[in-house]
Structures are given as structure tokens and as C-alpha cells.
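1. Sharing a model that was predicted from the sequence below.
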Amino acid sequence: MANERSTNSSNQGNTPQHGAAVSTDGHPITTGPTDGHPRAEPTGARHDTESISGLVRGLVADVSTLFSKEISLAKAEMREAAAGIKTGITSMVAGAGLAFAGVLVVLLSAVYGLGQVLELWAAALIVGIGALLIGYVMLKAAQRKMEPSAFKPERTFDSVHKDTEATKGAVK
């Protein structure tokens, strides 16, 4: 009880006389003469300047936050792309090693098989050319998967474009 009384008595010194309400910035709120809605009393040009500077500070903070979030999104996309490429390279190396051993055995058996019909050198040449063609096609397919466009952060570009359009719309 004693604490409540001391709190009430200390608050009474901060409120305007006659029990008038106070806005969050400490200015008295008065009731309009015709409509009965509460209105803050104008405090002059300095209040307008503070509001404009406050708006500018808020805008700068918002732009800064937006920029940092766009950077974070770009970093996340690049991490995802790098992780995908790392997984792809690891799979390619493991698959290539195993395929290499298998291809050697198959090619050798193909050479022996064709060697029954053709001269051994001709059979080896035909099998070798076939293996080279298949290997070339496989390398080109892998090369397409590792083009620089795989590193392009598409979602970030789209988001920045939307932010730019929204900012242009808000300025107009």
C-alpha cells in the first residue's frame, strides 16, 4: 500500500492539471471542439523537423536492414549452390572411378569379342573410338551442369528487383 501511494503521488506530478490525458511523447491530448475526438496539441515547427528526421532515420534503418537481408539471402543461395556442386563433384569422382574400372573390363571383353571376327588391332581400334565418343558425350553433359549460370543467385536478383520496383512505386 505504501508503495502504491508513493507511485501515485509521483505520477501525479507528471500529469497535466485537471486530469488531462498525456500522449506517449508527453504532450497533452485535448478534445476537439466539434467532433469530440482526442487530438495532440501542436508543438510547432521543431516537432515537424523531429518527425521528418525521425522518418529519415527510420528509412535509413529500413534500407540498411533490407540491404543486409538481401546480402544474407545471396550468401545462403551461394552456400546452397556450393553444397550442390560439392555433392555433384564427389558423386562424379566416385562414379567415374568405378565406371573407369568397369569400362576397362568391358572394353577388354569387347576387344576380345571383336578379335574373333576381325584382326585384333581393328577390334581394339573400333572399341577405343566407341569409348572415346561415349566419354566425350558424358563429359559435355557434366560440363553443362557446372556452367557459371549455376552460381547465379536467382531468388536474390528477383527479390532485389521487386524491392526496387516497390521503392520506385512508394517514391511516386
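-> Looks like it arrived, so ask away. Numbers count the residues shown, from 1 in each chain.
2. Now the strand or helix carrying I126: buried residues?
-> According to DSSP states H and E, I126 maps onto helix 120-145. Going by neighbour count (16 or more other Cβ atoms under 10 Å), the buried part of helix 120-145 is 123-124, 127. Quick note: C-beta positions are derived from backbone N, CA and C, even for glycine.
3. Stretch 106-125 now?
-> For stretch 106-125, a neighbour-count test (16+ other Cβ under 10 Å) marks 110-111, 114, 123-124 as buried.
4. ok so, going back, now render the buried residues of helix 120-145 as CSV, adding pLDDT and distance to Y136.
-> Shown next, in CSV, are the buried residues of helix 120-145 (pLDDT from 0 to 100; distance: Cβ to Cβ, whole Å):
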residue, pLDDT, distance to Y136
A123, 92, 21
A124, 92, 19
V127, 91, 15
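5. right, and out of those, which lies closest to A94?
-> Nearest to A94 out of those is V127 (Cβ to Cβ; 24.9 Å).
6. need the contact list for the closest one.
-> In this structure, V127 makes contact with 107, 110-111, 114, judged by Cβ atoms under 8 Å, 6 or more residues apart in numbering.
7. Quick check: the gap between the nearest residue to A131 once chain neighbours are set aside and A122.
-> Of all residues beyond its chain neighbours, the one nearest A131 is L107 (5.6 Å), with distances taken as Cβ to Cβ, 6 or more residues apart in numbering. Taking Cβ to Cβ, to the nearest Å as the measure, L107 and A122 are separated by 15 Å.
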